[in-house]
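A.B. asks: No letters, just coordinates:
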């Protein structure tokens, strides 16, 4: 099967991505250690003069701050309780906390970019490195209490995802309406843009990998494909409704991979389970083979999760790093180089946005195909 | 390790909204779109099949027509040939008959001519004999009168005879 080739190349790529990820994480830990030590004194200063902090003072502090590319990049690719628009303007987002006493809903604007604590109904909260922590009676963060508070806030990623979902719904429902209006006629406008992609997912992803039972899985495959693709593309737009690193967030890719795992295992037929539980090996190899096969159930969606997350995050990091060059060199003369590289990377990321949606859908279809395959 | 720690809130919202999206799109988008595409593909297939059938039918009809034409042409040739042989036959018959008839007529005419000739010869003979008798008679009469006169008479008579 030609999928084998895809598999081999994917595995190679995965190895490369993993290596890069590990290398990246090891660097990150070091730099964060520096950042932490740099931030702590500032925090104590802020705490010491909590009442006296004025806007001007804050601005002066920002001006003096040394440019920390790692910190800036991490802030951009991480989730946030505010949606940064421009300069010091951010869109406050709703905070929803599930505490032992009940729900707490308030605007993240109450934190004033983490400079103020918020006195909630049940607890006092403080925004620390974009995590909401409970403040104890002594004015210090109560880590124990913080762990029991579950954060269901509409964060930047959630809001960006809602925007993507809204766009997807508008696009596809209008396309569906066009089909109802122009029954049996040639597609037109948006319809003719979308139709080849839908047909591509059906004829080049679903049919060759799943076989004649493909129709049942089409809604899932199409939804996964367009959800990932639209979110990837929106992530590439640097201004307001885009720019969030939605598909580069491990929570989102975790949910997508979980969906694939559930679909694959629910639809697995007796041959699939037989292959896992009583593989075609001598019986004394069962203690090795069965755990390996069971790990395979988890590792396949796990690879999906890591692949999407790493690819998209890597793209964002590269673009942000190239932009950061201007501030690292502290000269505008480097900007043509930066911009040229960023344009190149953005074009590449456009390809990657499609490719990752395609790969995720293709592998999902492949796993489903392996689970529903009939042996004779 | 913040980056690789999934947060419960995002998992929750992603799960909820992805399931909602799946249900909504399945009902309002994928079903009508895939249905319409499938239907259109089928109608195109059908139309192509029909066109193919029509083409075959057309070819069949054309060949049939050609066959018919050929047959008709052969028949016509046959008829023409028959007519020609018939005509030739009739013509020959007529010619033969005409020849026979002509021969008969000629025969008759010949016989008639012969008869006439015979009759004429008989008449001539009669005339000659009577004339000679007459001459002889006259000669004899004049001889009896005068010798000279007899001679002139004979001469005159002979002249007459020559005239006749």
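C.D. replies: Okay, I see it. Model, not experiment: these values are computed from the prediction.
A.B. asks: going forward, measure contacts and count neighbours with C-alpha atoms only.
C.D. replies: Fine.
A.B. asks: in what helix or strand does residue A:126 lie?
C.D. replies: Following DSSP states H and E, one finds residue A:126 within strand A:124-128.
A.B. asks: That strand pairs with which strands, parallel or anti?
C.D. replies: strand A:118-119 (antiparallel), strand A:131-135 (antiparallel) (DSSP bridges).
A.B. asks: Name the stretch among those that sits most buried.
C.D. replies: strand A:131-135 (a mean of 22; mean count of other CA atoms under 10 Å in any protein chain shown).
A.B. asks: what distance separates the strand holding residue A:126 from the centre of its chain?
C.D. replies: 25 Å (CA atoms, centre = their mean, to the nearest Å).
A.B. asks: any chance of the strands paired with strand A:124-128 in a markdown table, with distance to residue A:311 too?
C.D. replies: Converted to a markdown table, those look like this (distance: least, CA to CA, whole Å):
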| stretch | distance to residue A:311 |
| --- | --- |
| strand A:118-119 | 37 |
| strand A:131-135 | 25 |
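A.B. asks: could these go into JSON lines alongside mean pLDDT?
C.D. replies: Shown next, in JSON lines, are the strands paired with strand A:124-128 (pLDDT from 0 to 100):
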{"stretch": "strand A:118-119", "mean pLDDT": "83"}
{"stretch": "strand A:131-135", "mean pLDDT": "85"}
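A.B. asks: OK, contacts around whichever residue of the stretch 251-376 of chain A sits closest to chain B?
C.D. replies: Proximity of the stretch 251-376 of chain A to chain B (CA to the nearest CA) peaks at residue A:251, 4.2 Å away. Contact analysis of residue A:251 by CA atoms under 8 Å, 6 or more residues apart in numbering or on different chains lists B:5, B:6, B:7, B:8, B:10, B:11.
A.B. asks: average model confidence for the longest helix anywhere in chain B?
C.D. replies: Longest helix in chain B, counting residues (DSSP state H): helix B:31-145. The average pLDDT for helix B:31-145 rounds to 91.
A.B. asks: Give the helix, strand or coil label for the closest residue to residue A:342 other than its chain neighbours.
C.D. replies: Nearest non-adjacent residue to residue A:342, counting by CA to CA, 6 or more residues apart in numbering or on different chains: residue A:319, 5.7 Å away. Classification of residue A:319 using DSSP: H, G, I helix; E, B strand; the rest coil returns helix.
A.B. asks: Quick check: residue A:319 touching residue A:345?
C.D. replies: Yes. The pair residue A:319 / residue A:345 is scored as a contact, 6.6 Å apart, by CA atoms under 8 Å.
A.B. asks: higher neighbour count, the two?
C.D. replies: residue A:319 (21 against 18; other CA atoms under 10 Å in any protein chain shown).
A.B. asks: Contacts only, for the more buried one.
C.D. replies: A:342, A:345, A:346.
A.B. asks: can you pull out the strands in chain A?
C.D. replies: All strands of chain A, identified by DSSP state E, fall at A:82-86, A:89-92, A:94-98, A:103-107, A:118-119, A:124-128, A:131-135, A:150-151.
A.B. asks: The fourth one close to chain B?
C.D. replies: Okay, so that is strand A:103-107. No. Strand A:103-107 lies apart from chain B when judged by CA under 8 Å from any CA of the partner chain; the minimum separation is 13.4 Å.
A.B. asks: most packed of the strands of chain A?
C.D. replies: strand A:131-135 (a mean of 22).
A.B. asks: Touching that one from outside, list them.
C.D. replies: Contacts for strand A:131-135 (CA under 8 Å, 6+ apart): A:123, A:124, A:125, A:126, A:127, A:141, A:142, A:143, A:145, A:146, A:151.
A.B. asks: Give the bridge partners for the fifth one, please.
C.D. replies: Residue A:127 forms beta bridges with residue A:132, as assigned by DSSP bridges.
A.B. asks: Show the contacting residues for it.
C.D. replies: Here residue A:127 is in contact with A:111, A:113, A:114, A:115, A:117, A:133 (CA under 8 Å, 6+ apart).
A.B. asks: what does the third one give?
C.D. replies: Contact partners of residue A:125, counting by CA under 8 Å, 6+ apart, are A:117, A:118, A:119, A:132, A:133, A:134, A:135.
A.B. asks: per-residue pLDDT, it?
C.D. replies: Residue A:125 is given a pLDDT of 86.
A.B. asks: Quick check: the gap between it and chain B.
C.D. replies: 17 Å (CA to the nearest CA, to the nearest Å).
A.B. asks: about what we covered before: of the contacts of strand A:131-135, just say which sits nearest to residue A:259.
C.D. replies: residue A:151 (22.3 Å; CA to CA).
A.B. asks: I'd like the distance between that closest one and chain B.
C.D. replies: 6 Å.
A.B. asks: And the pLDDT at that residue?
C.D. replies: The model's pLDDT for residue A:151 equals 88.
A.B. asks: ditto for the one 4 residues further on
C.D. replies: What the model reports for residue A:155 is a pLDDT of 89.
A.B. asks: so who does it touch?
C.D. replies: A:79, A:80, A:81, A:82, A:83, A:93, A:94, A:95, B:10.
A.B. asks: In terms of secondary structure, what does the helix or strand harbouring the last one contact?
C.D. replies: Element membership for residue B:10, per DSSP H and E: helix B:8-25. The criterion is 3 or more CA pairs under 8 Å, 6 or more residues apart in numbering or on different chains; DSSP states H and E, and the helices and strands that helix B:8-25 contacts are strand A:150-151, helix A:156-181, helix A:218-236, helix A:250-266.
A.B. asks: what separates residue A:164 from residue A:182, distance-wise?
C.D. replies: 27 Å (CA to CA, to the nearest Å).
A.B. asks: Which residue lies nearest the spatial centre of chain B?
C.D. replies: residue B:80 (3.6 Å; CA atoms, centre = their mean).
A.B. asks: picking up where we left off before, return the member of the contacts of residue A:125 nearest to chain B.
C.D. replies: residue A:132 (12.0 Å).
A.B. asks: Let me see the confidence value for residue A:44.
C.D. replies: pLDDT at residue A:44 comes out at 39.
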